[in-house]
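Peer 1: Have a look at this fold, sequence not included:
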């Protein structure tokens with residue numbers, strides 16, 4: 001689906017209602033070990049979706065008519081070597097930049113590019129014991145990525161310019177877990193979700209000290225949660241920073257004010273067990289595809305706050321960690337955290353008609 005500027009009336013998908021009439025007419029995994037970032041190891045998950053009006057709870061139900069079809073494996077990985085997919089960005093040329101977290105297998109992390117042909121290029125190899133988590137891309141092709149490390153000289157946000165060498169542009173406090181990462185549309189500020197400190201950090205793309213952009217109880221770890229991770233996935237979308245909180249099972253929307261400060265935190269929806277990272281149907285849509293890591297599910301959250309399970313373990317999901325969308329194509333990273341450690345990237349075709357028929 002081409003991404004076009006919508007100027008007429010739209011539905012919750014960010015598409016003209018008239019454009020969708022033909023389509024309308026045709027119409028879970030248990031607790032896993034994810035990001036054992038401290039050498040002792042922990043677990044993880046998180047992701048999901050939505051838009052106005054914001055709901056306080058989600059109502060999940062399975063698909064009667066599949067909203068995502070033709071699911072296949074795009075690339076398979078060897079978990080034992082540290083190739084544990086954690087995050088994904090789709091480039092303009094349809095290449096995939098995949099973060100390999102490394103630590104669940106006790107191996108070195110990496111940043112890998114997968115060409116449309118399937119050819120793989122290792123862009124960055126990290127240090128054993130560290131983890132490479134979120135990654136995002138600037139307009140000029142620069143790749144930004146988070147490194148979690150107990151070594152204060154490595155922990156923080158890193159930059160890989162086209163044809164250049166990686167270097168750190170901002171340190172982050174030791175003891176935190178930098179996780180989801182996004183860049184604002186102007187290409188000036190990076191936002192980082194810290195899963196341990198209940199914080200969203202702001203980092204200038206040009207480099208410099210990180211600023212605690214938002215510290216809020218909504219980002220913090222739920223004390224009674226079995227998985228001790230708070231703010232997890234993060235996206236900048238439609239003038240707001242969106243964050244998932246794994247331990248609370250929530251998706252949050254934080255408007256960015258004219259001064260760049262955070263506005264009031266809105267709970268978009270809750271009840272999303274095992275929510276890891278997430279992404280949107282399009283630039284103009286607040287419909288989200290969320291990776292529910294511990295449930296082995298991909299959920300869609302609609303603008304009214306209801307949720308819908310669109311893929312499960314029967315579709316080959318194995319600890320899904322993140323999603324990405326390019327046109328009608330949905331991409332999923334599977335960490336393969338449980339036996340038989342089926343680490344991979346999958347893709348599927350989005351059926352807009354079925355997606356609207358909830």
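Peer 2: Great, that's in hand. Everything quoted here is computed from the prediction, not taken from an experiment.

Peer 1: Only C-alpha atoms from now on, for both contacts and neighbour counts.
Peer 2: Noted.

Peer 1: who does residue 255 bridge with?
Peer 2: As for beta bridges, residue 255 partners with residue 240 under DSSP bridges.

Peer 1: Verify the contact between it and residue 267 for me.
Peer 2: No: Residue 255 lies out of contact with residue 267 (CA atoms under 8 Å); the separation is 11.7 Å.

Peer 1: Check whether residue 278 really touches residue 322, as I assumed.
Peer 2: Yes: with contact defined as CA under 8 Å, residue 278 and residue 322 form a contacting pair (5.6 Å).

Peer 1: what's the next secondary structure element after the longest strand along the chain?
Peer 2: In terms of residue count, the longest strand belonging to the chain (DSSP state E) is strand 68-76. Once strand 68-76 ends, the next helix or strand along the chain (criterion: DSSP states H and E) is strand 85-90.

Peer 1: and the angle for that following strand with strand 68-76?
Peer 2: Our comparison of strand 85-90 with strand 68-76, counting by axes from the mean of the first three to the mean of the last three CA atoms, to 10 degrees, yields an angle of 110 degrees.

Peer 1: Find out how far strand 85-90 is from the centre of the chain, if you would.
Peer 2: 8 Å (CA atoms, centre = their mean, to the nearest Å).

Peer 1: same check, this time on stretch 321-330
Peer 2: 10 Å.

Peer 1: likewise stretch 73-93?
Peer 2: Relative to the centre of its chain, stretch 73-93 is centred 13 Å away, using CA atoms, centre = their mean.

Peer 1: Buried residues of it, list them for me.
Peer 2: Of all the residues in stretch 73-93, those buried under the rule 16 or more other CA atoms under 10 Å are 74, 77, 79, 82-91.

Peer 1: what does stretch 342-356 give?
Peer 2: 342-356.

Peer 1: which one among those residues gets closest to residue 304?
Peer 2: Of all the buried residues of stretch 342-356, residue 304 sits closest to residue 356, with 12.2 Å by CA to CA.

Peer 1: sorry, back to before: would you turn the buried residues of stretch 73-93 into a markdown table with distance to residue 216 and pLDDT?
Peer 2: Below are the buried residues of stretch 73-93 laid out as a markdown table (distance: CA to CA, whole Å; pLDDT from 0 to 100):
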| residue | distance to residue 216 | pLDDT |
| --- | --- | --- |
| 74 | 38 | 96 |
| 77 | 37 | 97 |
| 79 | 35 | 96 |
| 82 | 33 | 94 |
| 83 | 33 | 96 |
| 84 | 30 | 96 |
| 85 | 29 | 97 |
| 86 | 25 | 97 |
| 87 | 24 | 98 |
| 88 | 27 | 98 |
| 89 | 27 | 98 |
| 90 | 31 | 97 |
| 91 | 33 | 96 |
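
Peer 1: Farthest-apart pair in these, please.
Peer 2: Once CA to CA is applied, the buried residues of stretch 73-93 give 79 and 91 as the farthest pair, at 24.4 Å.

Peer 1: Spit out the contact partners of residue 123.
Peer 2: 110, 111, 112, 113 (CA atoms under 8 Å, 6 or more residues apart in numbering).

Peer 1: ok, now how distant is it from residue 284?
Peer 2: To residue 284, residue 123 is 31 Å away according to CA to CA, to the nearest Å.

Peer 1: got it, and residue 329?
Peer 2: From residue 329 across to residue 284, the span is 16 Å (CA to CA).

Peer 1: Then residue 326?
Peer 2: Distance, residue 326 to residue 284, using CA to CA: 13 Å.

Peer 1: Kindly report the same for residue 169.
Peer 2: With CA to CA as the criterion, residue 169 and residue 284 are 30 Å apart.

Peer 1: just residue 133 next, same as before
Peer 2: 26 Å.

Peer 1: between these two, which one's more packed in?
Peer 2: Each of residue 133 and residue 284 has its neighbours counted (other CA atoms under 10 Å); residue 133 has more, 28 against 18.

Peer 1: I figured that one was touching residue 178, is that so?
Peer 2: Yes: with contacts counted by CA under 8 Å, residue 133 reaches residue 178, the gap being 7.3 Å.

Peer 1: can you list residues touching both of these two?
Peer 2: Joint contacts of residue 133 and residue 178 (CA under 8 Å, 6+ apart) are 146, 147, 148.

Peer 1: those strands in the stretch 151-300 of the chain, which residues are they?
Peer 2: Taking DSSP state E, counting those that start in this stretch, the strands of the stretch 151-300 of the chain run over residues 156-160, 167-171, 178-183, 189-194, 199-204, 211-215, 231-237, 240-245, 250-255, 266-269, 275-280, 288-292, 297-301.
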